[in-house]
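Q: Sequence plus predicted model, see below.
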Amino acid sequence: MRILLTGVNGQVGWELQRTLAPLGEVIAADRGLLDLADTASIRRTVAAIAPDLIVNPAAYTAVDKAESEPGLAYAVNADAPGELAQAAAARGIPLVHFSTDYVFDGRQPVAYTEADAPNPLGVYGASKLAGEQAVQRSGSTHLILRTSWVYGLRGRNFLLTMQRLARERDILTVVDDQFGAPTWSRLVAEASALTIARWLDRPDRAAVSGIYHLSCGGRTSWHGFAAAILAQPAATDGKLARLTAIPGCDYPTPAARPLNSQLDCGKLAAVFGVRLPAWESALALCLERNLPQSTT
């Protein structure tokens, strides 16, 4: 099987290159091969590669910058997934697309299920929702995997930012009234590959197509996440900065953030038997991978 994988320099895309390899030949498309802001480039690339499966974790993820660049955000997050999905439908092949908790406004007090109505607060979330809708309209057999608070050991993310700031500052102020489940990009990729393999094996593949939530279990605030990171001194070169909790209103940003980003992942567990561990366990595993190895 030939698998066209987009966004290979992103956190999830980078990990998917490895986890999808047992399923077939992975054609890793970076921006040089596939310009997602150019629909003609998408058509040419899909025709040239002739894939049997398209996996699209690529996205415009600059949440605040999207407020001033809505055209680019919609091109990458809405138009490109729609074009990929139409190409998949025309070829009669399946498509897997990744989305986000930002399609919700975060106002409900409990975890969001796939049946809850989206209501994005900003351009980023609205563009990602438009991408979901474009995939759904395409007629392709598809999976849309929504995840949340993704971090990893490469790129730009909350984990690496906190580790850097802990080395540079004595006091860190972190928002304590926005809640979600931090999710390691490697586990997203591993769970996605397992889900895809089980999906492709099912005779009722089309019947179980649709949206699924995929994130770690549990719930914490950004402040709680930061505290857990800093509780591992070896991950911050032994320096322990002092944390101060602040409300989101004291840290204004161009784009509003959902107060509750927790996703209910029960549907994925029920249909495909896939469930990620609690966010604390995942973080411990991630940090363990990044610690220097003893020579004794």
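A: Yep, that arrived. Numbers count the residues shown, from 1 in each chain.
Q: Now do stretch 232-250, average pLDDT.
A: For stretch 232-250, mean pLDDT is 77.
Q: what about it, how long is it end to end?
A: In stretch 232-250, first residue to last residue: 27 Å (CA to CA, to the nearest Å).
Q: What is the burial count for residue 62?
A: When neighbours are counted by other CB atoms under 10 Å, residue 62 registers 16. Placement of C-beta: from N, CA and C, glycine included.
Q: Tell me the spacing between it and residue 69.
A: 8 Å (CB to CB, to the nearest Å).
Q: Buried residues, stretch 119-132. List them.
A: 120-132 (16 or more other CB atoms under 10 Å).
Q: list the helices and strands the host helix or strand of residue 167 packs on?
A: Following DSSP states H and E, one finds residue 167 within helix 158-168. Judged by 3 or more CB pairs under 8 Å, 6 or more residues apart in numbering; DSSP states H and E, the packing partners of helix 158-168 are strand 150-151, strand 171-175, helix 222-230.
Q: Run through who's touching that helix.
A: 149, 151-154, 172, 182, 222, 225-226, 229-230, 235-237, 239-241, 283, 286 (CB atoms under 8 Å, 6 or more residues apart in numbering).
Q: just stretch 118-137 next, same as before
A: 59-63, 66-67, 70, 73-74, 76-82, 85, 95, 97, 99-100, 102-107, 142, 144, 211, 255-258.
Q: Just those residues: which are in helices?
A: 70, 73-74, 80-82, 85 (DSSP state H).
Q: Reformat these as TSV; add distance to residue 54.
A: Listed next are the ones in helices among the contacts of stretch 118-137 as TSV, based on distance: CB to CB, whole Å:
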residue	distance to residue 54
70	25
73	21
74	20
80	11
81	10
82	12
85	8
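Q: Which residues are in contact with the residue nearest to residue 251 when sequence neighbours are not counted?
A: The shortest distance from residue 251 to any non-neighbouring residue, by CB to CB, 6 or more residues apart in numbering, is to residue 175 (5.5 Å). Shown in contact with residue 175 (CB under 8 Å, 6+ apart): 221-223, 245-248, 251.
Q: Separate out the buried members of the residues you listed.
A: 221-223, 245, 248.
Q: Report the buried residues of the lengthiest helix in the chain.
A: With secondary structure taken from DSSP H, the chain has its longest helix at helix 185-201. Buried residues in helix 185-201, counted by 16+ other CB under 10 Å: 185-193, 195-196, 199-200.
Q: Looking at these, which is nearest residue 263?
A: Closest approach between these and residue 263, by CB to CB: residue 188, at 12.0 Å.
Q: Against residue 47, how distant is residue 41?
A: Taken as CB to CB, the span from residue 41 to residue 47 is 11 Å.
Q: Repeat that for residue 90.
A: In terms of CB to CB, residue 90 sits 10 Å off from residue 47.
Q: returning to that earlier point: and residue 41 and residue 47? Which one has more around it.
A: Neighbours per residue (other CB under 10 Å) separate residue 41 from residue 47, with residue 41 holding more: 16 against 11.
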